[in-house]
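Peer 1: with the input below, show me the fold.
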Amino acid sequence: MRQPLLFLIPVFCGLTASAGGFDTGPQGARVLGLGGASTAYINSIAGLSMNPGLLSQWGDSLTRLSFGGIGQIRRASFIGQDTYLRTDQELAVQPGGYFYGTRALTKRVTLGLSLTTPYGYHTKWPDTWEGRAVIQESRLNTYFVQPTVAFKLNENFGAGVGLIYAYGKYSQRRALGQYDDPSANAQLSASGSGYGVSVGLYGRTGDNLSFGISYRTGVNLKLKNGSSTYAGVPSRDAALLPASTGLGTQINLPNVVSVGIADRINKQLLLTFDFTLTGWSNLDSLKLDLAANGGQPARRVNIPRRYEDAMTFRIGADYQVNPKLTLLAGVRYDETPIRDEYINPEFIDANRLGVSAGLCYQLTRRLSLEGAYSFEYGQQRIARTNPLSAQVANISGSYQMAVQTASVGLAAAF
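Peer 2: Residues are numbered from 1 along each chain as shown. Below you'll find the model as predicted:
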């Protein structure tokens, strides 16, 4: 019975390799322009996704809305260790979006709602590239819904708490390289949901200096209705690689701790600083539950990952040029949680240095247009196959990657 499990390892190794550093970035055009340094930033309700405590500062009689779209392109290139051939990923845009709404019940109690797409990616390599037996295409989408309530404790401090409902979809496709038929392939798809909690605190220590602290629990996406399918398999191997098998697993999205400071230098310039620790180490391994199929009993495959917690440092600047126009800029440095021995072409991640820029233009007294763009460049990663480990499907070579993100949205208060 061990041989069928070895056939399955390459299909599922990518799923675990994808579970690192695949956050889609700041969830809002204005906070994207700041480079994501928004834990203590109250100039946009999009900061609600980072710190529910900020909600306590919007306790006036206005209803506030913020909504828009996000598009992200993650592209990597690969140079084979033995072939020296360069392969570029095909262009694939990861769509996303956001919606925020806030309304005060009383002067001290404010309600909020956010809909965001904080994690996801779309990887697509050419169908005939040399790593096609490891991965050809893969996609992950997540959707977070977070109702939040915040309390203004006094004039300088507020706290908030939100309940998170998350839904995720995952799919993957790869070639079966052991067969001559180029149409032979393996695919899997799964979807599921999970819950989490987000809490935060906001405070002011003076007229010009404020701080924020937030914690979001990890969210365990339980994928119970998945399937693994094989096509183009010769009849001699049909029992090993059945046409369709039920699949159940769990993707653990990380917990996040953020600490931020906002310092108003003068009437025009506000600087923000954030430090974030993301708990990717909860991805120690992935357990795959495969349903019984034909002569094969139900079984579990355990794949080790050994991910590490990762830190992010962000600096943002908000500069009001005039009453209608505000310019935004940001710099960020992201650590990758993926160790060298687990690099996989399904999702290439690296330590990244990024810059961002944006603007906010007041169309009317109650309506503003927001837009931002960011670029992140990752260090080179070297992947090596380990013939002694059948649990890590890979191809030897070097990877270089970059991430581009753009967002446009509207903000209204009435």
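
Peer 1: going forward, measure contacts and count neighbours with C-alpha atoms only.
Peer 2: OK.

Peer 1: quick check: next helix or strand after the host helix or strand of Ser77?
Peer 2: Assigned by DSSP states H and E, Ser77 belongs to strand 64-80. Following strand 64-80 in sequence order, the next helix or strand is strand 86-88 (DSSP H and E).

Peer 1: what residues of that next one count as buried?
Peer 2: Residues of strand 86-88 classed as buried by neighbour count (16 or more other CA atoms under 10 Å): Thr87, Asp88.

Peer 1: ok now it, how far from the chain's centre?
Peer 2: Distance of strand 86-88 from the chain centroid (CA atoms, centre = their mean, to the nearest Å) equals 24 Å.

Peer 1: who touches whichever helix or strand comes after it?
Peer 2: Next helix or strand after strand 86-88 toward the C-terminus (DSSP H and E): strand 93-104. Identification of contacts with strand 93-104 by CA atoms under 8 Å, 6 or more residues apart in numbering yields 27-28, 45-46, 48, 55, 58-74, 110-117, 120-122.

Peer 1: now the strands for the stretch 1-150 of the chain?
Peer 2: Counting by DSSP state E, counting those that start in this stretch, the stretch 1-150 of the chain has these strands, from start to end: 64-80, 86-88, 93-104, 109-116, 120-124, 137-152.

Peer 1: what residues does the fifth one touch?
Peer 2: I take that to be strand 120-124. Contacts of strand 120-124 (CA under 8 Å, 6+ apart): 22-24, 74-75, 89-94, 136-142, 346-347.

Peer 1: how long is stretch 345-361 end to end?
Peer 2: 40 Å (CA to CA, to the nearest Å).

Peer 1: could you do stretch 129-142 as well?
Peer 2: By CA to CA, the extent of stretch 129-142 from end to end equals 28 Å.

Peer 1: distance from it to the middle of the chain?
Peer 2: Taking CA atoms, centre = their mean, one finds the center of stretch 129-142 at 17 Å from the center of the full chain.

Peer 1: i'd like the first residue to be 35 from this point on
Peer 2: With the count now opening at 35, the last piece we talked about shows up as stretch 163-176.

Peer 1: I'd like the mean pLDDT over that stretch, please.
Peer 2: Averaging pLDDT along stretch 163-176 yields 90.

Peer 1: equivalent analysis for stretch 378-395, please.
Peer 2: Here the average pLDDT along stretch 378-395 is 91.

Peer 1: and if you look at stretch 436-448?
Peer 2: If you average the pLDDT over stretch 436-448, you get 95.

Peer 1: about what we covered before: buried set for the strand holding Ser111?
Peer 2: Residues of strand 98-114 classed as buried under the neighbour-count rule (16+ other CA under 10 Å) are 98-114.

Peer 1: can you lay out the strands of the stretch 35-184 of the chain as CSV showing distance to Gln302?
Peer 2: Formatted as CSV, the strands of the stretch 35-184 of the chain follow (distance: least, CA to CA, whole Å):
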stretch, distance to Gln302
strand 98-114, 23
strand 120-122, 44
strand 127-138, 26
strand 143-150, 28
strand 154-158, 36
strand 171-186, 26
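
Peer 1: of all these, which one comes closest to Trp314?
Peer 2: Checking the strands of the stretch 35-184 of the chain against Trp314 by CA to CA gives strand 154-158 as the closest, at 15.0 Å.

Peer 1: what's the angle between that closest one and strand 98-114?
Peer 2: Strand 154-158 and strand 98-114 meet at an angle of 30 degrees, taking axes from the mean of the first three to the mean of the last three CA atoms, to 10 degrees as the criterion.

Peer 1: doesn't Ser248 make contact with Asn289?
Peer 2: No: using CA atoms under 8 Å, Asn289 and Ser248 do not qualify as a contacting pair, with a distance of 10.7 Å.

Peer 1: okay, the two: which has more neighbours?
Peer 2: Here Asn289 and Ser248 are compared on neighbour count by other CA atoms under 10 Å; more neighbours surround Ser248, at 25 against 20.

Peer 1: which of the helices or strands spans the closest residue to the more buried one other than its chain neighbours?
Peer 2: In space, Ser248 comes closest to Gly234 once its chain neighbours are excluded; the distance is 4.0 Å by CA to CA, 6 or more residues apart in numbering. Using DSSP H and E, Gly234 sits in strand 219-238.

Peer 1: I'm done for today, thanks for sticking with me.
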